[in-house]
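Asks: For reference, the sequence and a predicted model appear below.
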Amino acid sequence: MGYELWKEKTPEFKTIDVRHLQGNFFPGLQKQAKSVKVGEGLKIIQTFEPHPLYGALEALGFEHHTERAGDHEYHAYFYRVEMKEDVEAAPFRPLALLNYPMIDEELGKIAVDFWDLTWNDEKRTLPYETRLLLSLTNAVGAGRMRQASRELIKAYIYGLDSAALDDVFELLAWNQGIGYFSSEIGPSALFQAYKLIKTQEKKGTSHEEMLQEQFGEKNPEVTVQ
């Protein structure tokens, strides 16, 4: 629809000020968002532009418009244009970024803007899937298997086939060494996700739902909050 078609309704939106909330407030916000009817909306007040919320609420059928009200105050308006219940349609949202304002408001803004620049800026040259694989291998090198698992699943969901993943794991075995691969990568959630992908492809069945269920946000081996 576009903001111009619903901006007159924004004074009626329920306002939620999350500037001083600690921890992961998204589950509570998600619950409230799911109760919003088509034609209604929410106004979120945050200390930085809440990029991580855009995809999450878009998956529930919301459009958004954001305005800067001050140095550390942003007003994000979310208007529901349709009913969607599949919140997993926006897999692995970077909600951990919402923790940074607890440390420092300016740090929170820097972290979110840096993420948005890295993953969403139009100036990026490498395909999104390639950048995910680079992030995956960097995470493995740093011992961050949760992050590596998330990047693998995102890359696969966004269209990468398992033949490319075969190459990635072959290179990991070469560069990290057989011993490290056997003791650290083989037993990890990262490799379990890879095996699940291979198994599902052999069966010829859809695998996205199973990937989300077993290796998505609810899995402590993967989620970051």
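Replies: Cool, got the structure.
Asks: from here on, contacts and neighbour counts on C-alpha atoms
Replies: Fine.
Asks: Buried residues of the helix or strand containing Gln30, list them for me.
Replies: Here Gln30 sits within helix 26-35, counting by DSSP states H and E. By 16 or more other C-alpha atoms under 10 Å, the buried positions in helix 26-35 come out as 29, 33-34.
Asks: Single out whichever of those residues has the smallest pLDDT.
Replies: Scanning those for pLDDT, the low point is Leu29. It has 84.
Asks: Show me how this structure divides into domains.
Replies: Split into domains by automatic domain parsing, the chain comes to 3-93, 128-215.
Asks: okay if I get those as CSV plus distance to Glu105?
Replies: Below are those laid out as CSV (distance: least, C-alpha to C-alpha, whole Å):
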stretch, distance to Glu105
domain 3-93, 6
domain 128-215, 24
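Asks: could you pull out the helices for this protein?
Replies: With helices called from DSSP state H, the chain shows them at 3-6, 26-35, 51-58, 100-103, 105-120, 128-141, 145-157, 162-176, 178-180, 189-203, 208-215.
Asks: Okay, angle between the fifth one and helix 51-58 too, please.
Replies: So the one you mean is helix 105-120. If you take axes from the mean of the first three to the mean of the last three C-alpha atoms, to 10 degrees, helix 105-120 sits at 60 degrees to helix 51-58.
Asks: Identify the residues contacting helix 105-120?
Replies: With C-alpha atoms under 8 Å, 6 or more residues apart in numbering as the test, helix 105-120 has contacts from 47-52, 72, 97-102, 124, 128.
Asks: With just CA atoms, put it into CSV.
Replies: This file holds the C-alpha atoms of helix 105-120, laid out as CSV (Å, rounded to 0.1, in the frame of the first residue of the first chain):
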residue,chain,number,x,y,z
GLU,A,105,22.8,3.7,23.1
GLU,A,106,25.3,4.9,20.5
LEU,A,107,26.9,1.5,20.4
GLY,A,108,23.4,0.1,19.6
LYS,A,109,22.9,2.5,16.7
ILE,A,110,26.4,1.7,15.4
ALA,A,111,25.9,-2.1,15.6
VAL,A,112,22.5,-2.0,13.8
ASP,A,113,23.7,0.4,11.1
PHE,A,114,26.8,-1.7,10.5
TRP,A,115,24.7,-4.8,10.1
ASP,A,116,22.4,-3.0,7.7
LEU,A,117,25.3,-1.7,5.6
THR,A,118,26.9,-5.1,5.5
TRP,A,119,23.9,-7.1,4.4
ASN,A,120,21.4,-4.7,2.8
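Asks: Having no further points to raise, I will conclude here.
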